[in-house]
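A.B. asks: fold the following, please.
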Amino acid sequence: MKKVSSDYPLISIIVPVYKVEKYLKKCVDSITNQTYKNLEIILVDDGSPDNCGKICDDYAKSDSRIVVFHKKNGGLSSARNYGIKHAKGDFIGFVDSDDWINKDMYLSLYEDIKNNDADIACCDIIRVKNESDILKSAIKTTKIYEQSEYIKKYMKIGSQTCEYYAVNKLYKRNLLTEEQYPLDLTSEDVLGTYKAILKANKIVVNDLIGYYYRINNQSITGQFSSKDYDLITIWNMVLEYTKKNAPQYYDYALINRMRIDFTLLYRISINIDSKLLKKDKMVKKLLLDLKQN
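C.D. replies: Numbers count the residues shown, from 1 in each chain. Take a look at the predicted model:
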């Protein structure tokens, strides 16, 4: 059994697990080997039909920091929300079970929160196919944002960085609820992360490459499906949430909602036969909305 250090506050790391038998061990090993030791590692077996449940249970036997929950399949958001409900830590982080993380990621993020009296800390995230693609960060630099500044960055106002990710961040526990992420939708990070930011006063961003997002070699890059239309639903939810809770940012949210029409049209145009486009009612609506905006 590994000794758990109590020199630092407890960080709960939530890992939704589903059909990742091939990658799960690398993911969990990267968490257990963190230089930040006082961890609660919550593995949520989301009804995985393969050997993932047993792998999770075996890990729990070898490391007292690991807690395993087995639940009926409900999707990524359901598993994350379930993990939040059971988390005991003062801080919470998320790792997807087919990815892995830099050994210094959580120590770096915690120190950024502590040293700057921040509510959220973010590190860099890169997309990789294997370990040979990993880049090393230079000397770590940090930038501190007040909420209003970071919201502009999040909404791509004068910025083109992607801030939606849930997994490259560390959050104070009080920023998250058991209904943080919307169910049965893709791009759930857009709303879930946004809701946390609206509760934060200060956000710290560093350029440490802390999170390695695995590109599935068997996936088809740029493939379009009807689930892409979830972006419309998500950004409509962001608009409504902003109108009710942060009207000062409504214009930013509206600009992003309008931009989604262009994003979807681009994805459709490179994936669907042009002859079919003229007959697609959704395409016609997107074009009309785009012209109006």
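A.B. asks: all helices of the stretch 151-293 of the chain, in order?
C.D. replies: Using DSSP state H, counting those that start in this stretch, the helices of the stretch 151-293 of the chain run over 188-197, 230-245, 250-269, 274-277, 281-292.
A.B. asks: rank these by pLDDT, which is bottom?
C.D. replies: Mean pLDDT per stretch puts helix 274-277 lowest among the helices of the stretch 151-293 of the chain, at a mean of 62.
A.B. asks: so Lys103 makes contact with Thr35?
C.D. replies: Yes - counting by CB atoms under 8 Å, Thr35 is a contact partner of Lys103 at 5.6 Å. Using the backbone N, CA and C atoms, a C-beta is placed for each residue, glycine as well.
A.B. asks: okay, these two: which has more neighbours?
C.D. replies: Lys103 (14 against 11; other CB atoms under 10 Å).
A.B. asks: tell me who's in contact with the more buried one.
C.D. replies: Residues counted as contacts of Lys103 (CB atoms under 8 Å, 6 or more residues apart in numbering) are 30, 33-35.
A.B. asks: same thing but 7 Å
C.D. replies: 33-35 (CB atoms under 7 Å, 6 or more residues apart in numbering).
A.B. asks: give me the contacts around stretch 148-159.
C.D. replies: Under CB under 7 Å, 6+ apart, the answer for stretch 148-159 is 145, 161, 163, 194, 197, 203, 249, 252-253, 255-256.
A.B. asks: stretch 112-124 too?
C.D. replies: 105, 108-109, 142, 144, 168-172, 175, 196-197, 200-211.
A.B. asks: with stretch 204-219 instead?
C.D. replies: 23, 98-102, 105, 108, 112-113, 116, 118, 121-129, 134-135, 137, 140-145, 167-168.
A.B. asks: could you list the buried residues of that stretch?
C.D. replies: Across stretch 204-219, burial judged by 16 or more other CB atoms under 10 Å covers 204-206, 208-212, 214.
A.B. asks: equivalent analysis for stretch 282-293, please.
C.D. replies: 283, 286, 289.
A.B. asks: my guess is the first one contacts Ile268, does it?
C.D. replies: Yes - counting by CB atoms under 7 Å, a contact exists between Val283 and Ile268, whose distance comes to 6.2 Å.
A.B. asks: not including adjacent chain positions, what is the nearest residue to Thr177?
C.D. replies: The shortest distance from Thr177 to any non-neighbouring residue, by CB to CB, 6 or more residues apart in numbering, is to Ile84 (7.0 Å).
A.B. asks: for Val28, see how far away the one you found is.
C.D. replies: Distance, Ile84 to Val28, by CB to CB, to the nearest Å: 19 Å.
A.B. asks: and the helices in the stretch 1-150 of the chain, which stretches?
C.D. replies: Going by DSSP H, counting those that start in this stretch, the stretch 1-150 of the chain shows helices at 24-32, 52-62, 76-86, 105-116, 147-154.
A.B. asks: closest to Ile234 out of those?
C.D. replies: With CB to CB as the measure, helix 76-86 is the member of the helices of the stretch 1-150 of the chain nearest Ile234 (11.2 Å).
A.B. asks: tell me the mean pLDDT over that closest one?
C.D. replies: The average pLDDT for helix 76-86 rounds to 98.
A.B. asks: same check, this time on stretch 38-50
C.D. replies: Stretch 38-50 comes out at a mean pLDDT of 98.
A.B. asks: could you do stretch 62-70 as well?
C.D. replies: 98.
A.B. asks: for that stretch, the distance to its chain's centre please.
C.D. replies: 22 Å (CA atoms, centre = their mean, to the nearest Å).
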